[in-house]
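In: just need the structure, nothing else, for what follows:
(2 chains)
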Number of protein chains: 2
Amino acid sequence: MNRPLIVQKFGGTSVGSVERIQEVARRVARCSRDSRLIVVVSAMSGETDRLLKLARALSAEPVARESDVVVASGEQVTAALLAIALHACDIPAQSFLGHQIRIRTDSAHSRARIRAIDSERLFAALDAGRVVVVAGFQGVDEHESITTLGRGGSDTTAVALAAATNADACEIYTDVDGVYTTDPRIVPHAHKLERISYDEMLELSSLGAKVLQIRSVEFAKRYGVRVHVRSSFNHDPGTWVVPEESKMEDVTVAGVAFDRDQAKITLTAVPDRPGLAAKIFSPIAAQGIVVDMIIQNAGADGRTDMTFTVPRLETENALRIVRDVAREIGAGEARSEGEITKVSVVGLGMRSHAGVAAQIFETLAREGINIEMISTSEIKVSVVIDAKYTELAVRVLHDTFLGEGKEAH
Amino acid sequence: MNRPLIVQKFGGTSVGSVERIQEVARRVARCSRDSRLIVVVSAMSGETDRLLKLARALSAEPVARESDVVVASGEQVTAALLAIALHACDIPAQSFLGHQIRIRTDSAHSRARIRAIDSERLFAALDAGRVVVVAGFQGVDEHESITTLGRGGSDTTAVALAAATNADACEIYTDVDGVYTTDPRIVPHAHKLERISYDEMLELSSLGAKVLQIRSVEFAKRYGVRVHVRSSFNHDPGTWVVPEESKMEDVTVAGVAFDRDQAKITLTAVPDRPGLAAKIFSPIAAQGIVVDMIIQNAGADGRTDMTFTVPRLETENALRIVRDVAREIGAGEARSEGEITKVSVVGLGMRSHAGVAAQIFETLAREGINIEMISTSEIKVSVVIDAKYTELAVRVLHDTFLGEGKEAH
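Out: Numbering: from 1, shown residues only, chains lettered A, B, ... in the order given. Now for the predicted structure:
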C-alpha cells in the first residue's frame, strides 16, 4: 500500500460525452497501475445549465435547497457513469456522492463551504483496491440536505479531498494545458508556467485567468496541497501550483492578467465629512456587490469625487443604491462611465524588485494609454484603462516583463 | 393536526414536462388545504430510459450498484422540481431522497425490496406544515449505497410510505382513470370498477392490467393500505383497492384480463418416472424464468407430453435449457408452439358461486374457441387459447359475466 495517493479531477468538457468518459476511464486505468486514485468529476458539460433551466422554468427564484438537489444530480450521474466505464476496463471502482463520504458543508445552498470530510470510507474503498470516484461540487449540511459549492466547486472538492487524505498530489484536468503568462489569444508567445505559488495563482485567477476556481486555491494554500493543472486532451505536464519557494522571487513577474467584467461608477460632489464613505459602501456590500477599487479626488470646494469599480452585471443595482445615498447625504450625481478593463501584473518577485509600478506606468505612457485608476498589493499592480486599449496594454506589459529572453518560473 | 394524512403518487407521464409538473403542483396545492400530504414522484417520462442508455453505452452490463446511482437521479430531479413548483404556488414543501428518510432496502440492486422506513423526518416536516415530496423508486442499503426498486417501484414507495405513516389513503395518479372490467379498447362498454379487493387486483395486475405495480399491491394487502387509483388528467374518482368486504362476494366476477406475452413450450415423450418434472423445471427456475401453467398428457406407451408457459421473451432461453434436459433424460423433442394468449376471469364471488369454470368453457365452446390449457385458483380461472381469438374471447366472456345488466363492485 505504499503506492502514491493521487486525486484527479476532470471537468465538464473532459466528461462531456460517452466517448470522453471512456477516454477518461482509459487514462485513469493507466494511472491506477502506479497510484491509488481518487477521481473527482463534474457534470457533463451543459448538464448543469439544462437542470438549472428546468428549475427556473418553474420559478424565477427557485428555492435554494431544492435547486441544489436538482443540480447535484449532474455530478451524481457522471460519477456513476465513470465507475461503470472503469468496470468495463476491468478496473474495480466505486462511486461516492457528497453525503456518502460525509463532505460536510455549511447550509449556504449554491455556495456552500466545506467544513469537514470523513476519509474513513474513502480509505476503506482504496484499501480494498478500488478506484474511488467522487461526485464533485456537492456536500451535505447538518440537516442532511444536499448542498452545492457553486460554479467550479469540483476543483474545491478535489483539493479538499487531497487535503483530507493527505494525498501526494491533486491533478486538475481541464481543456487548457496549464497556466500561461497571459492569454495566448492576445499574446501568441505567452508561455506556460512550470510552477506558480498559491498567492500568484490567487491574484491571477481572481483576475480572469479562469483555470482554477479561486476557493480551491485558497484551500490548497491553507493545507499545502500540491496542485497540478493539466490538459485532459494530452499527456504533457501542465503547471504546478505549489507553496512558495525562495527561488520564485528571482523572477519578478509571473503573469499579466486582465478583467473586462468590471464597470466604473463615479459619484460627484461628495461632502468631505468623516463617515460618508461608510454610508456609500455599506449598503452596496449589504447587497452582496463586491467593490474592487476605490479612489477619491479631493475637489477645490471641500467636496470630492468618489470613483469605484463593481462587477459589470451589478452596475444598475449599484447605481440605484448610490443615487439613494447621494440624495440622503447631499452629494452630486452618480454615473457609470464607459467601457473599462482592469489589467494586473502579478509576481512574488515584486517584493524584492523595486520599481515595477514605475515600469508599468512608463510602458503604458509610451503607448499613450491613460491610467484611470491604480491599486497595488505586495505582489500585484492593477491599473484600470479604457477597454479599447486592452490588447495593446497586455501585449506591451507582457513584452516588458515576460518577453523574449525573460525567464519565467 | 387532525387533518387526514394522504400519500399521493404521480407517475412519469404526470410529471413529464414543466407544464405537467405545474399542473401537479396546482392539484397538490388544492389538496393541501384539507390534508397533510406526502407526494411521491417518478422520473419525468423518458428520463429513466435516457439514463439507462448512457450507462449501457459504457458497458453491455453496467455494474448494478452504479447503474442504480445513475437512474435514481431521475426521481431526485423530479422531486426537487415539484418542491420548487410548490414554493412558486406559496406552498411550503421539502423534497426527500431515499437515503434522507432512511428507506432501507436489501442490496438487490435494480430490484431491491423495502425493509423499513424511518418516519421521524417525514412527520417533522409534516408537523412544520410542509408538503413532503419524496423521490420514488429508490432506497438505501446497509452500506449506504443507493438502491432502486425496479420498474414501477414508485408505486411501492408510495404504498410503503402510507403503511409507515399509517396514512388515511394512498392515491396513485396515472394516465388511466381506474381499473376497468377489461380493456376498453377491446370491449367498449367495459366499465370502471368502484372498488376491488387486493387479491382480485393481484390477479388482474399480474395478468396484464398494468395499472398498479404488483409488488405495491402485495405491500398494500399486507399493511391494509387503502389505495385509490385515479387519473392525473381529471378530478373523477377512480378505483379503490381495499381489504376484502363480505358484500364483494355478491358479485361473481370483477374483471376479464388477458396476457399476450406468454409462450407455450412442449416437451414430448417424457419417460413417466418420478422426479423428472423437477429435473425439467429446476434449471429453468435457476435462470430466473417464471413458469406459469403446466399440463401433462399421459401417453399410451408410458411416456407423457409436458406443456408449459413462459414469458415470451424467455422462449429461446427456456428451449435451450429444456433441450439439454431432454438429452439427459431421454425425452423426445422440445418445441415452442404458435401464438397464444392467456385469458383470465377473476372474482372473489367465484368462491361462493359454483360453475364459473363451466360457464367459461361453454361460452368459449359456443364460439368454437379451443382451450389449450386450463388453470384455476380460488378466485381465478385462466385458459390458454390461440392468440387470434383474443378479442373475441375477451368480448364474449365479458358479456357473459359483466355485460349489460350485470352489476360490478
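In: show me what contacts the residue located most distally from the centre of chain A?
Out: The outermost residue of chain A relative to its centre, with distances by Cα atoms, centre = their mean, is A:Asp301 at 43.2 Å. If you count contacts by Cβ atoms under 8 Å, 6 or more residues apart in numbering or on different chains, A:Asp301 has none. All C-beta spots, glycine's among them, are computed from the backbone N, C-alpha and C.
In: cool, A:Glu333 as well?
Out: Contacts of A:Glu333 by Cβ under 8 Å, 6+ apart are A:267-269, A:326.
In: and if you look at A:His228?
Out: Listed by Cβ under 8 Å, 6+ apart, the contact set of A:His228 reads A:169-172, A:237-241.
In: at 6 Å instead, please
Out: For A:His228, the contact set (Cβ atoms under 6 Å, 6 or more residues apart in numbering or on different chains) comprises A:169, A:171, A:238, A:240.
In: checking my notes, A:Lys264 in a helix, right?
Out: No: per DSSP: H, G, I helix; E, B strand; the rest coil, A:Lys264 lies outside any helix segment and is strand.
In: state the pair within the contacts of A:His228 that is farthest apart.
Out: Using Cβ to Cβ, the pair of the contacts of A:His228 lying farthest apart is A:Ala169 and A:Gly238, separated by 11.6 Å.
In: which one of those two is surrounded by more residues?
Out: More crowded of A:Ala169 and A:Gly238, by other Cβ atoms under 10 Å in any protein chain shown: A:Gly238, with 23 against 17.
In: follow-up on the earlier one: now, the contacts of A:His228 that are in strands?
Out: Counted as lying in strands by DSSP state E, out of the contacts of A:His228, are A:169, A:171, A:240.
In: buried residues in the helix or strand hosting A:Gln22, which are they?
Out: A:Gln22 belongs to helix A:18-31 when elements are defined using DSSP states H and E. By neighbour count on 16 or more other Cβ atoms under 10 Å in any protein chain shown, the buried set for helix A:18-31 is A:18, A:20-25, A:27-29, A:31.
In: nearest to chain B among those residues?
Out: Of all the buried residues of helix A:18-31, A:Val18 has the smallest distance to chain B: 4.4 Å, by Cβ to the nearest Cβ.
In: what sits against the closest one?
Out: Residues in contact with A:Val18 (Cβ under 6 Å, 6+ apart) are B:Ala57.
In: roughly how far does it sit from A:Ile84?
Out: Computed with Cβ to Cβ, to the nearest Å, the distance linking A:Val18 and A:Ile84 is 10 Å.
In: go on, A:Val71?
Out: Shown here: A:Val71 relative to A:Ile84, a distance of 21 Å by Cβ to Cβ.
In: the helices in chain A, which residues?
Out: Shown for chain A, the helices assigned by DSSP state H span residues A:18-31, A:47-58, A:64-88, A:120-127, A:153-164, A:198-206, A:214-223, A:276-286, A:315-329, A:356-366, A:390-402.
In: turn those helices into JSON lines, columns for mean pLDDT.
Out: JSON lines is the format used below for the helices of chain A (pLDDT from 0 to 100):
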{"stretch": "helix A:18-31", "mean pLDDT": "97"}
{"stretch": "helix A:47-58", "mean pLDDT": "96"}
{"stretch": "helix A:64-88", "mean pLDDT": "98"}
{"stretch": "helix A:120-127", "mean pLDDT": "95"}
{"stretch": "helix A:153-164", "mean pLDDT": "96"}
{"stretch": "helix A:198-206", "mean pLDDT": "86"}
{"stretch": "helix A:214-223", "mean pLDDT": "91"}
{"stretch": "helix A:276-286", "mean pLDDT": "88"}
{"stretch": "helix A:315-329", "mean pLDDT": "93"}
{"stretch": "helix A:356-366", "mean pLDDT": "92"}
{"stretch": "helix A:390-402", "mean pLDDT": "95"}
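In: okay, those in CSV with distance to B:Ile371 next?
Out: Below are the helices of chain A laid out as CSV (distance: least, Cβ to Cβ, whole Å):
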stretch, distance to B:Ile371
helix A:18-31, 51
helix A:47-58, 53
helix A:64-88, 48
helix A:120-127, 58
helix A:153-164, 64
helix A:198-206, 78
helix A:214-223, 72
helix A:276-286, 82
helix A:315-329, 79
helix A:356-366, 97
helix A:390-402, 87
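In: number of nearby residues for A:Ala298?
Out: A:Ala298: 10 neighbours (other Cβ under 10 Å).
In: I should have written A:Asp183 there, sorry.
Out: Counted with other Cβ under 10 Å, residues neighbouring A:Asp183 total 18.
In: with A:Asp236 instead?
Out: 10.
In: residue contacts, the residue lying closest to it once chain neighbours are set aside?
Out: Nearest non-adjacent residue to A:Asp236, counting by Cβ to Cβ, 6 or more residues apart in numbering or on different chains: A:Asp177, 5.8 Å away. Neighbouring residues of A:Asp177 by Cβ under 6 Å, 6+ apart: A:231, A:236, A:238.
In: just the closest of the residues you listed to B:Gly46, please.
Out: The closest of the contacts of A:Asp177, once distances to B:Gly46 are taken by Cβ to Cβ, is A:Ser231, at 35.4 Å.
In: where does that closest one land on pLDDT?
Out: Predicted confidence (pLDDT) for A:Ser231: 92.
In: count of neighbours near it?
Out: Neighbours of A:Ser231 under the rule other Cβ under 10 Å: 16.
In: any idea what it is bridged to?
Out: Applying DSSP bridges to A:Ser231 gives these bridge partners: A:Thr174.
In: could the buried residues of helix A:18-31 be laid out in CSV, adding distance to A:Glu339?
Out: Converted to CSV, the buried residues of helix A:18-31 look like this (distance: Cβ to Cβ, whole Å):
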residue, distance to A:Glu339
A:Val18, 42
A:Arg20, 37
A:Ile21, 41
A:Gln22, 44
A:Glu23, 41
A:Val24, 40
A:Ala25, 45
A:Arg27, 42
A:Val28, 45
A:Ala29, 49
A:Cys31, 46
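In: and which of those residues is nearest to B:Ile280?
Out: Nearest to B:Ile280 among the buried residues of helix A:18-31, with distances taken as Cβ to Cβ, is A:Val18, at 42.9 Å.
In: pretty sure A:Ala158 is touching A:Ala169, no?
Out: No: contact criterion Cβ atoms under 6 Å: A:Ala158 and A:Ala169 do not qualify, at 10.7 Å.
In: so which residues on chain A come close to chain B?
Out: For chain A, the residues in contact with chain B (Cβ under 6 Å from any Cβ of the partner chain) are A:18, A:54-55, A:57-59, A:62-63, A:66, A:69-70, A:73, A:76-77, A:80-81, A:83-85, A:87-88, A:95, A:100, A:144.
In: narrow these to those that are buried.
Out: Applying 16+ other Cβ under 10 Å to the residues of chain A next to chain B flags A:18, A:54-55, A:57-59, A:62-63, A:66, A:69-70, A:73, A:76-77, A:80-81, A:83-85, A:87-88, A:95, A:100 as buried.
In: mind listing what's buried along stretch A:344-364?
Out: Buried positions in stretch A:344-364, judged by neighbour count with 16+ other Cβ under 10 Å: A:344-350, A:356, A:359-360, A:363-364.
In: residues contacting that stretch, please?
Out: Under the contact criterion Cβ under 6 Å, 6+ apart, stretch A:344-364 has outside partners A:197, A:200, A:203-204, A:207, A:248-249, A:251-257, A:378-382, A:396-397, A:400.
In: chain center to that stretch: distance?
Out: Put simply, stretch A:344-364 sits 23 Å off its chain's centre (Cα atoms, centre = their mean, to the nearest Å).
In: the closest residue to chain B within the stretch 201-350 of chain A: neighbour count?
Out: The minimum distance from the stretch 201-350 of chain A to chain B, using Cβ to the nearest Cβ, falls at A:Ser232 (17.3 Å). By other Cβ under 10 Å, 23 other residues sit near A:Ser232.
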